[in-house]
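>>> predicted model and sequence follow; I will ask about them next.
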Amino acid sequence: MRDRMRLVLVFTGWLSLLPIAAPEARAQTTEDCAAKLGLIDQALCYGHLAQDRDDPAICAAASHDGVRQQCIYMLAHHRGDAALCQQIQDRLLKDGCLSDVAEVTGSARLCESIETANVRDSCRFKIVRKTGDRALCAKVADEGMKALCETE
């Protein structure tokens, strides 16, 4: 059962809600991360270690697929690197990754590669908030979000 569990933490913008440990308080090795009991703790550990070392190979060391994908997400967000998001298999996680990288980089173009409609709309809205380019509001499909976007 455990190997069939999926780890999907992503809701657009979730990274900004997580407590960030100071680098000196973080794990120093992938073995430290593997020893964590919960999948969320493992994902955060591998993700922070990959960010601290700027090394995507650290994510590959995780034994759980969901932990590996979440680690890649965290590193992609940290780097502002949409190419890393493309390595993520889970559609919702990949779309959330692209949305967060689009927000970090201010790239509306990345929103267009998002397959999940509400995540794509949210991405466009975040870019409007960041850049002030209300022309993107016309592409928002959800009428409620479009109305909010146009008044932003």
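Yes, it's here. Residues are numbered from 1 along each chain as shown.
>>> gap between the most centrally placed residue in the chain and residue 52?
Centrality entry for the chain: nearest residue to the mean C-alpha point is residue 97, 3.4 Å, by CA atoms, centre = their mean. Using CB to CB, to the nearest Å, one gets 19 Å for the distance from residue 97 to residue 52. Bear in mind the C-beta positions are built from the backbone N, C-alpha and C, glycine included.
>>> over to residue 110?
Relative to residue 52, residue 110 is positioned 25 Å away (criterion: CB to CB).
>>> what does residue 93 give?
From residue 93 over to residue 52 the distance is 22 Å, taken as CB to CB.
>>> next one: residue 137
The span separating residue 137 from residue 52 equals 38 Å under the rule CB to CB.
>>> who has more neighbours out of these two?
Neighbour totals were compared for residue 137 and residue 52, and residue 137 leads with 19 against 15 (other CB atoms under 10 Å).
>>> could you look up the SS state of residue 135?
Put simply, residue 135 is helix when judged by DSSP: H, G, I helix; E, B strand; the rest coil.
>>> circling back: where does the residue nearest to the centre of the chain land in three-state SS?
Under the three-state scheme (three-state DSSP), residue 97 adopts helix.
>>> with the one 5 residues further on instead?
Per three-state DSSP, the local secondary structure of residue 102 is helix.
>>> what pLDDT is listed against the closest residue to it other than its chain neighbours?
In this structure, residue 102 finds its nearest non-sequential neighbour in residue 110, 3.7 Å apart by CB to CB, 6 or more residues apart in numbering. pLDDT for residue 110: 97.
>>> done for today, thanks.
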